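# kindly generate the corresponding structure for this input.
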Amino acid sequence: MNIQLLHDITFYVLYASAALATFVAVERMIYYSVTLKHARRFVAGNGDSEGATLAAAIVKEASTLCQQTDSRHDIEDITESIYLGARENLQRHLWMLDTVVTAAPLLGLLGTILGIIDTFTALARSGISDPQSVSAGIGTALFATALGIAVALYGLLFHNFFQDRVDRISETIKILLLGAARGASVRP
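Okay, the predicted model is just below:
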């Protein structure tokens, strides 16, 4: 078994995890800023109901479905189902950040263990004749732990920020749904 190859693969997976976290962070940042901007416009009464935004789709669907019923219970069910669907869209891809946050420190630890095993294997072959190579091997092994923790912190920062965004947008969506349901239930 080639321990050095496994150690290198661990580093590549950590780098790929950092790239994945960055991609998800950029995509979600754009999505949340556009969605929140349009939702706030709707709440303020300046929204374009014909747009292809999440807010426009929610208002249109809620208005259409709520006008088809007179029952308060049905209106509550309709708005709740629309809200749950919208929240699902808001939370899309966040599981990837959560996985990176959980897996990165473990991958870093695995890299450290594999690096230490590789260093001890080299020690067993050549003895302690070259302390500089031993300390370089241990340094590389510990770099895996540092990289794993850094990737996890990076992902955690974005994950927590995006959870806050989901909560803020969800509150705005609730306001939109209440307004759409109220407008649909007040018929002459």
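# every contact and neighbour count from this point should use C-alpha atoms.
OK.
# so where's this protein uncertain?
1, 42-43, 45-53, 129-130, 183-188 (pLDDT under 70).
# what's near enough to touch the residue nearest in space to the middle of it?
The chain has Leu94 as the residue nearest its centroid, 2.4 Å off, counting by Cα atoms, centre = their mean. By Cα atoms under 8 Å, 6 or more residues apart in numbering, the contact set of Leu94 is Val24, His159, Phe162.
# what is the nearest of these to Ala44?
Phe162 (23.3 Å; Cα to Cα).
# ok, that closest one - contacts?
Here Phe162 is in contact with Arg28, Met29, Leu94 (Cα under 8 Å, 6+ apart).
# the first one and Leu153, how far apart?
Spatial separation of Arg28 from Leu153 under the definition Cα to Cα, to the nearest Å is 18 Å.
# who's more crowded, these two?
Arg28 (21 against 17; other Cα atoms under 10 Å).
# nearest spatial neighbour of the more buried one, skipping sequence neighbours?
Nearest residue to Arg28 in three dimensions, chain neighbours excluded: Phe162, at 7.6 Å (Cα to Cα, 6 or more residues apart in numbering).
# give me the element the one you found is part of.
Per DSSP states H and E, Phe162 falls inside helix 131-185.
# many thanks, we can stop here.
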